[in-house]
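Trainee: sequence below, structure please.
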Amino acid sequence: MTSQQTANKDELSFGIELEFLFYFLDPEQVALLEADGVTPDPDALTVDADEEARLPPPLILPEGIKFDNEYHDFDDYQDPPRDWAVSLIQQAILSVRGARLDNQPMPAGTPESYGSLYVMSDHMDSHSGWTIKNDITVQDKDMKIRGYSCLSFEITSPALWDRPESHRQVYLVLQEFLKRFRLRVNIHTGFHCHVGAGVETDEEEDEEQQQKAKTTLMPGYGVPEGRGAKHSLGVFKRAAALMWAADGFLCHAHPPERGLNVYSPPIRFCSRLSRGLQTRYVQSESGWEADIKEFPLGDATVGASSVAESADLLLPEQDLPSHKFPRVDDRRFPVERPEKADDEACKRFEAMSDRQSITSINDLSNKTVYGGVGHIMRCKSRPEVAQLFAPPNATAYYNRPNYNLRDYLGGDFDSASLGTGTVEFREATGTMSPEWVSAWSNICLGFFRFARDASDARFNAVVAQLAKAEAAAQGRTTTTTTPRDSEHRYDMISLLFDMGLFAEGLFLERKLRKDALRFWYPNRLGKRKTNAGTEVEEGGEPYETHWQTNRGADDDESIPSVESSPFLQSPTEWFEASGSAAAALQSSYQGGPSG
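Mentor: Residues are numbered from 1 along each chain as shown. This is a model prediction of the structure:
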């Protein structure tokens with residue numbers, strides 16, 4: 001029987017997925033580069049001496065291991081270089097006290113207290129340890145670095161309880177990676193965070209899950225013993241409502257092209273709820289066949305008044321932390337996804353995907369905060385909420401949106417998902433920064449902490465602030481004051497403060513104000529220098545897209561301006577360790593998540 005570590009009442013759990021590229025030197029290629037009379041590839045980047053001094057020593061492929069520099073070989077997990085690289089990554093993970101690998105027991109001599117961080121106590125359970133996988137979607141074909149070859153990896157953490165020690169383990173594991181390896185992230189890499197509620201025991205199984213076990217599993221297939229616990233309906237609806245309301249706000253923590261990414265379509269553009277659709281799950285008498293049919297939702301504003309328009313359930317604005325806590329400066333981040341992408345985001349999107357993922361905002365039925373929140377809060381079950389976030393049947397959108405509730409869809413989807421019971425946040429771009437991984441994980445968890453703990457008055461007041469700011473940005477409010485007063489004064493940093501995420505809000509504001517592109521893409525991304533010092537563009541020929549950009553007919557096709565090191569560096573090199581925001585953030589990681 002799968003065992004679950006002892007958890008506090010209503011304690012949350014989390015896990016992360018990270019995608020990256022692992023670089024190493026091939027001795028045969030190095031020898032060829034050093035041979036007399038050999039002309040270097042003019043399109044290949046050379047790591048200069050200054051960069052070498054800031055990086056860990058390069059890894060050299062051991063003698064006897066051959067490596068064919070073709071990408072189809074990278075996809076083979078049994079490729080000898082991959083086995084060698086996996087063993088090095090495993091050593092880095094195990095160097096962190098309390099960390100364990102998937103399907104392996106805790107290292108000998110580890111104090112028992114570390115075991116309490118894991119949701120799954122049995123090391124043979126799924127999600128019980130760090131897992132190293134190949135990911136064929138991660139590639140770097142257009143970046144050549146002299147003498148180097150690379151392998152693509154996806155790393156998943158174990159399911160951990162939302163405790164300071166758990167966040168510290170993730171932080172230290174990533175820190176070890178940066179100390180030991182030369183890594184890259186690029187436009188093809190992603191960072192996903194899962195938020196769960198632990199593991200469901202037989203005694204705690206609710207009626208919804210009992211019905212699922214009876215009707216959705218084919219004969220001969222047992223129900224997994226380690227089913228993920230479901231978030232309670234009330235918390236789940238609140239969290240989903242906050243995701244809907246904050247989607248246009250929080251998206252600005254990520255590169256603009258992530259909202260156009262086929263693998264994380266945004267719920268405000270690509271969900272049934274945005275198109276004014278709902279579903280009904282119709283099951284046959286046999287219990288093995290079913291069909292999901294879509295029907296119109298009706299009036300998109302129905303139910304809104306019950307959420308935040310009741311005056312007796314609203315806090316005065318001055319009682320919200322965002323109206324008192326100091327900001328870096330007086331500017332505010334946008335509150336909507338941009339209808340036009342700038343040239344740099346356009347080019348990154350063109351290099352990332354050849355599939356359209358967003359249609360015109362004019363095709364949407366629900367365009368406002370309350371237009372969706374009202375419907376979410378009226379739902380009577382978790383699958384009903386999840387189906388609202390799923391893409392419409394008539395579209396070709398990827399079935400995992402930026403806020404992915406797939407584990408809650410009900411019916412056959414539950415058996416296919418292995419019952420993890422988590423909500424997946426998919427929009428963050430690839431990173432190996434321990435600071436940002438810790439901060440974003442806390443933000444994802446913060447949605448559910450706030451949904452669980454906030455009073456009705458505070459929750460409704462925050463939703464009201466989001467709705468008010470969005471309405472102001474859309475010009476749906478009348479103003480009799482100055483233009484300055486007509487601007488929205490609430491943004492994603494305000495939201496984080498009101499959710500109790502002060503350190504995370506300060507960290508994010510400082511990073512984005514300082515240099516957003518460097519924060520999102522710390523590697524060389526849009527340019528690379530040849531040995532002659534000229535600059536060439538990454539990626540292939542651009543193609544026609546169906547979404548609007550700022551590019552005009554006379555555009556000079558200028559290439560993205562971000563310029564950085566080819567490899568990720570230690571946090572001590574590129575993370576600003578001074579200042580109140582960084583100090584508060586570091587303190588929060590040592591003393592526990594803020595909020």
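Trainee: after the stretch of helix or strand residue 149 belongs to comes which helix or strand?
Mentor: In the assignment (DSSP states H and E), residue 149 maps to strand 148-156. Scanning forward in sequence from strand 148-156 by DSSP H and E, the next helix or strand is strand 160-161.
Trainee: what is the rounded mean pLDDT of the following helix or strand past that following strand?
Mentor: Scanning forward in sequence from strand 160-161 by DSSP H and E, the next helix or strand is helix 164-180. For helix 164-180, mean pLDDT rounds to 97.
Trainee: quick check: residue 393 touching residue 292?
Mentor: Yes: in this structure, residue 393 is within contact of residue 292 by Cβ atoms under 8 Å, at 7.4 Å. Any C-beta I mention is one placed from the backbone N, CA and C, and that applies to glycine too.
Trainee: could you check which of the two is surrounded by more residues?
Mentor: Neighbour totals were compared for residue 393 and residue 292, and residue 292 leads with 16 against 11 (other Cβ atoms under 10 Å).
Trainee: quick revisit: give me the angle between the strand holding residue 149 and helix 164-180.
Mentor: For strand 148-156 against helix 164-180, the angle by axes from the mean of the first three to the mean of the last three Cα atoms, to 10 degrees is 170 degrees.
Trainee: strand 148-156 pairs with which strands, and in what direction?
Mentor: Strand 148-156 pairs in its sheet with strand 13-25 (antiparallel), strand 131-133 (antiparallel), by DSSP bridges.
Trainee: any idea how far that strand is from the middle of the chain?
Mentor: 18 Å (Cα atoms, centre = their mean, to the nearest Å).
Trainee: contacting residues around that strand?
Mentor: By Cβ atoms under 8 Å, 6 or more residues apart in numbering, the residues outside strand 148-156 that reach it are 15-26, 29, 58, 61, 67, 69, 74, 81-82, 85, 89, 127, 130-136, 138-140, 182, 184.
Trainee: before we move on, back to that, now distance to residue 98, mean neighbour count and mean pLDDT too, for the strands paired with strand 148-156, in CSV please.
Mentor: As requested, the strands paired with strand 148-156 are arranged in CSV below (distance: least, Cβ to Cβ, whole Å; neighbours: other Cβ atoms under 10 Å; pLDDT from 0 to 100):
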stretch, distance to residue 98, mean neighbour count, mean pLDDT
strand 13-25, 16, 23, 96
strand 131-133, 16, 17, 95
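Trainee: quick one: closest of these to residue 273.
Mentor: For the strands paired with strand 148-156, proximity to residue 273 was assessed by Cβ to Cβ; strand 13-25 is nearest, at 25.1 Å.
Trainee: can you show me the CA trace of the strand holding residue 149 as PDB?
Mentor: Provided in PDB are the C-alpha atoms of strand 148-156 (Å, rounded to 0.1, in the frame of the first residue of the first chain):
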ATOM      1  CA  TYR A 148      30.900  21.500 -27.700                       C
ATOM      2  CA  SER A 149      28.100  19.000 -28.100                       C
ATOM      3  CA  CYS A 150      24.900  19.000 -26.100                       C
ATOM      4  CA  LEU A 151      22.200  16.700 -24.700                       C
ATOM      5  CA  SER A 152      18.600  17.700 -23.900                       C
ATOM      6  CA  PHE A 153      17.200  16.900 -20.500                       C
ATOM      7  CA  GLU A 154      14.000  17.400 -18.400                       C
ATOM      8  CA  ILE A 155      14.400  17.200 -14.700                       C
ATOM      9  CA  THR A 156      11.400  16.700 -12.400                       C
END
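Trainee: I figured residue 191 hits residue 431, correct?
Mentor: Yes: the pair residue 191 / residue 431 is scored as a contact, 5.2 Å apart, by Cβ under 8 Å.
Trainee: now for these two: what residues contact both?
Mentor: In terms of Cβ under 8 Å, 6+ apart, residue 191 and residue 431 are both contacted by the residues 18, 437.
Trainee: pretty sure residue 336 contacts residue 250?
Mentor: No: with contacts counted by Cβ under 8 Å, residue 336 stays clear of residue 250, the gap being 11.5 Å.
Trainee: of those two, who's got more company?
Mentor: residue 250 (24 against 18).
Trainee: show me what contacts the more buried one?
Mentor: Residues near residue 250 by Cβ under 8 Å, 6+ apart: 443, 492, 495.
Trainee: okay, now residue 55: neighbour count?
Mentor: 18.
Trainee: meant to ask about residue 35
Mentor: 8.
Trainee: gap between it and residue 511?
Mentor: Remark: distance between residue 35 and residue 511 (Cβ to Cβ, to the nearest Å) = 44 Å.
Trainee: can you show me the strands along the stretch 351-500 of the chain?
Mentor: Secondary structure of the stretch 351-500 of the chain (DSSP state E, counting those that start in this stretch): strands at 403-404, 423-425.
Trainee: let me fix that, I meant to ask about the stretch 201-350 of the chain.
Mentor: 277-283, 290-296.
Trainee: ok, the nearest residue to residue 254 once chain neighbours are set aside - contacts?
Mentor: Sequence neighbours aside, residue 427 is the residue nearest to residue 254 in space, at 5.2 Å (criterion: Cβ to Cβ, 6 or more residues apart in numbering). Residue 427 sits next to 251, 254, 258-259, 261, 264, 266, 402 when contact means Cβ under 8 Å, 6+ apart.
Trainee: hmm, try it at 7 Å
Mentor: Residue 427 makes contact with 251, 254, 258, 264, 402, according to Cβ atoms under 7 Å, 6 or more residues apart in numbering.
Trainee: ok, now which ones touch the spatially closest residue to residue 231 that is not a sequence neighbour?
Mentor: The shortest distance from residue 231 to any non-neighbouring residue, by Cβ to Cβ, 6+ apart, is to residue 197 (5.0 Å). Residue 197 makes contacts with 12-13, 229-231, 421, as judged by Cβ under 7 Å, 6+ apart.
Trainee: over to residue 275?
Mentor: With Cβ under 7 Å, 6+ apart, residue 275 has these contacts: 364-365, 392.
Trainee: can you read off the pLDDT for the residue nearest to residue 231?
Mentor: On the pLDDT scale, residue 197 is placed at 93.
Trainee: and it, how far is that from residue 186?
Mentor: 34 Å.
Trainee: burial of residue 117, as a residue count?
Mentor: 20.
Trainee: check residue 48 too.
Mentor: 11.
Trainee: same thing with the one 3 residues further on?
Mentor: Residue 51 is flanked by 15 other residues according to other Cβ under 10 Å.
Trainee: same question for the one 10 residues further on.
Mentor: The burial count assigned to residue 61 is 20, neighbours taken as other Cβ under 10 Å.
Trainee: residues in contact with residue 190?
Mentor: Taking Cβ under 7 Å, 6+ apart, one finds 19, 426, 428-430 in contact with residue 190.
Trainee: for residue 129, same thing?
Mentor: 100-104, 123, 158.
Trainee: on that earlier part again, with distance to residue 406 as added columns, please give the strands paired with strand 148-156 in TSV.
Mentor: Listed next are these as TSV, based on distance: least, Cβ to Cβ, whole Å:
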stretch	distance to residue 406
strand 13-25	14
strand 131-133	19
